[in-house]
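[1] coordinates for the following, if possible.
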Amino acid sequence: MSEAQDADVQEFAGLLRRLKERTDRSYGQLARRLNMNTSTLHRYCTGDAVPVDFARVERFAALCGATPEERLELHRRWILAVAARQRSRTAVAGAAAADSADKAPSDRALSHPAREPTQDPASAAPPPRPWYRRRRLLVSAAVATALLATLGSLTALPDDRRKDSDSVQAVDPPRTTEPGTSRPKPAKSPSPSATSPTPSAGASKESPAKPGETADGLEKKAGQQQPPTGVPLTWSTDSHVWQAGCGHDYVIAKPPGQVPPPPAPQDAATWAATQNAVHGRQTLVEITVQGRSSTAVVLDALRVRVVGRSAPMEGTNYAMDQGCGGALTPRYFEVDLDKDRPIARPADGNDTGVTIPAMRLPYRVSAEDPEVLLVDARTVTCDCSWYLELDWSSQGRSGTVRIDDHGRPFRTTSTKGLANYAYDTSARAWVPWEE
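    Coordinates of the predicted model:
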């Protein structure tokens, strides 16, 4: 391999090493996540080998948190490295064919011994050739013909293997073609075409630049094949999360005698729906976000949209407990709905006196690495309807998803000035209480 070809492979391997150094994982840990051998991954990162397809490289980049720009550069470097390895194999096969061709004339010379000079150059008829010499000449000619045919077939084999395997795999990145869309055409090896009418020294000098041109074309085609719609992540919400698993308030427009006992936390959504209950003073929303595949999706920002403000709801405030405390407070995003433009601000959690650092966006998720976001929205002045917007980006695409209460905005109302009731388990009735 020439120095230029080796430089392409080493630059690709160097980029892999820089991505690997960002993580705190070893080669063995990364290899297990990528479902490959540790030695294979190490050879890729040292330049001893180049992957025959881009699927492994794509999963490696996603696992290391590569940006879209870095993935495009990694794809370009991979194509140059694959092309360099192909050219090196073609050069080795050509050199072997040339050596064999040089040896063939010498074999034919050996099979044709020089005639002995006659003593009388003026003689009219040379002496007849012995029968055993004629037979040896025929055998030597047959051996030379078979040798040339074998060398020709061996010379053609590397080109066929290259066209059937490496070239097709080098231009078909996985998981970027949607059903019904055309696949990109494989890049042709440097050969005479409309742009180079006749093979010449100039054409041979321009041929190494074609892999770079192919990389640019593939990047454009890959961008065109990405679907304009379709979100690469899924999410689910639970807006009936209680503080520390026991504390929550609901405002209900019914007297205490018509309200059933408080439910278990897992049955809160059904209980609240049957009573037309509205979250009092606080709404805790638990959002579980997960990618649809192993490709990383970056959560860029979380925003709050208030779609309605009115006077606090009339009714009675029913507490699901008389105050409970827990040793664990998870990290969350706090939202003040009374602000003109409320913002979801990350807040630290607490575990028996140990601070749990707040989760600050951007954050990465995938099918194997889901994430749970907890939003704590509060109000003391209004009956507010609101929802959340989550910005995401993945593989050069970006978008925004709306997170609400199954198609409806979340609703939180103030409890200021309302009568407060808590359930007395001994009397089995709702009794007044003061906060």
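[2] ok, now which ones touch Thr237?
    Counting by Cβ atoms under 8 Å, 6 or more residues apart in numbering, Thr237 touches Val285, Glu286, Ile287, Thr288, Ile403, Asp404, Asp405, His406. Bear in mind the C-beta positions are built from the backbone N, C-alpha and C, glycine included.
[3] what strand or helix carries it?
    strand 233-238 (DSSP states H and E).
[4] which of the contacts of Thr237 tops the neighbour count?
    Greatest neighbour count in the contacts of Thr237, by other Cβ atoms under 10 Å, goes to Val285: 26 neighbours.
[5] ok so that one is a strand residue?
    Yes: with DSSP: H, G, I helix; E, B strand; the rest coil as the criterion, Val285 is part of a strand.
[6] that one bridge partners, please.
    Counting by DSSP bridges, Val285 is bridged to Val375.
[7] check Cys384 too.
    Beta-bridge partners of Cys384, counted by DSSP bridges, are Arg309, Thr412.
[8] tell me where the stretch 201-350 of the chain has strands.
    For the stretch 201-350 of the chain, the strands defined by DSSP state E, counting those that start in this stretch occupy 233-238, 249-252, 278-280, 282-291, 297-310, 316-319, 328-329, 332-336, 345-347, 349-351.
[9] with mean pLDDT and distance to Asp376 as extra columns, can I get those strands in JSON lines?
    Compiled in JSON lines, these are given as follows (pLDDT from 0 to 100; distance: least, Cβ to Cβ, whole Å):
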{"stretch": "strand 233-238", "mean pLDDT": "92", "distance to Asp376": "13"}
{"stretch": "strand 249-252", "mean pLDDT": "94", "distance to Asp376": "14"}
{"stretch": "strand 278-280", "mean pLDDT": "94", "distance to Asp376": "11"}
{"stretch": "strand 282-291", "mean pLDDT": "93", "distance to Asp376": "6"}
{"stretch": "strand 297-310", "mean pLDDT": "94", "distance to Asp376": "12"}
{"stretch": "strand 316-319", "mean pLDDT": "92", "distance to Asp376": "17"}
{"stretch": "strand 328-329", "mean pLDDT": "64", "distance to Asp376": "10"}
{"stretch": "strand 332-336", "mean pLDDT": "92", "distance to Asp376": "5"}
{"stretch": "strand 345-347", "mean pLDDT": "91", "distance to Asp376": "8"}
{"stretch": "strand 349-351", "mean pLDDT": "76", "distance to Asp376": "11"}
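[10] closest one to Leu72 among the ones you listed?
    Across the strands of the stretch 201-350 of the chain, Leu72 has its closest neighbour in strand 297-310 (15.6 Å, Cβ to Cβ).
[11] check which helices and strands that closest one sits against.
    For strand 297-310, the packing partners by 3 or more Cβ pairs under 8 Å, 6 or more residues apart in numbering; DSSP states H and E come out as strand 363-365, strand 371-378, strand 383-394.
[12] now do 10 Å
    With contacts defined as 3 or more Cβ pairs under 10 Å, 6 or more residues apart in numbering; DSSP states H and E, strand 297-310 has these neighbours: strand 233-238, strand 282-291, strand 332-336, strand 363-365, strand 371-378, strand 383-394, strand 397-403, strand 410-413.
[13] now it: buried residues?
    Across strand 297-310, burial judged by 16 or more other Cβ atoms under 10 Å covers Val297, Val298, Leu299, Leu302, Val304, Val306.
[14] for Asp53, see how far away the last one is.
    Translated: Val306. From Val306 across to Asp53, the span is 49 Å (Cβ to Cβ, to the nearest Å).
[15] now do the first one
    Val297 sits 23 Å away from Asp53, taking Cβ to Cβ as the criterion.
[16] the stretch 1-150 of the chain: helices as residue ranges?
    Using DSSP state H, counting those that start in this stretch, the helices of the stretch 1-150 of the chain run over residues 3-22, 27-34, 38-46, 55-63, 68-111, 131-161.
[17] now the angle from the first one to helix 27-34?
    Angle, helix 3-22 to helix 27-34, by axes from the mean of the first three to the mean of the last three Cα atoms, to 10 degrees: 90 degrees.
[18] counting neighbours, which bits of helix 3-22 end up buried?
    Neighbour count says helix 3-22 has Gln5, Asp8, Val9, Phe12, Ala13, Leu15, Leu16, Leu19, Lys20 buried, by 16+ other Cβ under 10 Å.
[19] can you pull out the low-pLDDT segments for the stretch 101-250 of the chain?
    101-229, 244-246 (pLDDT under 70).
[20] I figured Arg33 hits Ser26, correct?
    No: here Arg33 lies out of contact with Ser26, judged by Cβ atoms under 10 Å, at a distance of 11.0 Å.
[21] those two: which has the busier surroundings?
    More crowded of Arg33 and Ser26, by other Cβ under 10 Å: Arg33, with 15 against 11.
[22] thinking again about what came up before, so which of the helices and strands packed on strand 297-310 is nearest Ala81?
    strand 383-394 (24.9 Å).
[23] relative to Pro260, which of the buried residues of strand 297-310 is nearest.
    Nearest to Pro260 out of the buried residues of strand 297-310 is Val306 (Cβ to Cβ; 31.7 Å).
[24] not counting sequence-adjacent ones, nearest residue to that closest one?
    What sits nearest to Val306 in space, not counting adjacent residues and going by Cβ to Cβ, 6 or more residues apart in numbering, is Trp386, at 4.6 Å.
[25] enumerate every residue touching that neighbour.
    If you count contacts by Cβ atoms under 10 Å, 6 or more residues apart in numbering, Trp386 has them with 283, 285, 304-309, 335, 337, 342, 377, 379, 404-405, 409-412.
[26] try 8 Å
    Counting by Cβ under 8 Å, 6+ apart, Trp386 makes contact with Val304, Arg305, Val306, Val307, Val335, Leu337, Pro342, Ala377, Pro409, Phe410, Arg411, Thr412.
[27] reformat these as CSV; add distance to Asn420.
    Shown next, in CSV, are those (distance: Cβ to Cβ, whole Å):
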residue, distance to Asn420
Val304, 28
Arg305, 30
Val306, 26
Val307, 28
Val335, 24
Leu337, 21
Pro342, 26
Ala377, 20
Pro409, 26
Phe410, 22
Arg411, 20
Thr412, 17
